[in-house]
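*Asks:* Task: produce atomic coordinates for the following.
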Amino acid sequence: MQPLLFLPEKKQGNRKHKPPPRNENLGRIHRIGRKRWKEESHYHRRDLAEATMFRFQTIFGGTTQMQAHR
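*Replies:* Numbers count the residues shown, from 1 in each chain. Next up is the predicted model:
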């Protein structure tokens, strides 16, 4: 099974011949609207995660890194 590619269109986005998953997403966004598409595709979760990380880095510093536990 091939994973689905979820890319929101730009506000002035035009359809391109490649890649086809992008064209399908653009068509779906035009039919049902950006807000509903984000809810259906769970894209809004990505927005929430990015906003959360931004807040975290703002509070604790922008250089958050993983540390090796020994």
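*Asks:* Can you report how many residues neighbour the nearest residue to K38 once chain neighbours are set aside?
*Replies:* The shortest distance from K38 to any residue other than its chain neighbours is 4.5 Å, reached at H44 (CB to CB, 6 or more residues apart in numbering). Quick note: C-beta positions are derived from backbone N, CA and C, even for glycine. The local packing count at H44 equals 13, with neighbours defined by other CB atoms under 10 Å.
*Asks:* Check A51 too.
*Replies:* Number of residues near A51 (other CB under 10 Å) recorded here: 10.
*Asks:* Might one say that R28 is in contact with K38?
*Replies:* No - the pair formed by R28 and K38 falls short of the contact definition of CB atoms under 8 Å, at 11.0 Å.
*Asks:* returning to what we had before: so where does the residue nearest to K38 fall, helix or strand?
*Replies:* Taking DSSP states H and E as the criterion, the element that holds H44 is helix 43-60.
*Asks:* mean confidence score for that helix?
*Replies:* Computed over helix 43-60, the mean pLDDT rounds to 88.
*Asks:* Please, where are all the helices along this structure?
*Replies:* Using DSSP state H, the helices assigned to the chain run over residues 20-32, 34-41, 43-60.
*Asks:* any idea how far R45 lies from G27?
*Replies:* R45 sits at a distance of 22 Å from G27 (criterion: CB to CB, to the nearest Å).
*Asks:* And for P20?
*Replies:* Between P20 and G27 the distance, using CB to CB, works out to 11 Å.
*Asks:* before we move on, what about R55?
*Replies:* 34 Å.
*Asks:* Same check on T52?
*Replies:* For T52 relative to G27 (CB to CB), the value is 31 Å.
*Asks:* in stretch 38-48, what's buried?
*Replies:* Residues of stretch 38-48 classed as buried: K38, S41 (neighbour count, 16 or more other CB atoms under 10 Å).
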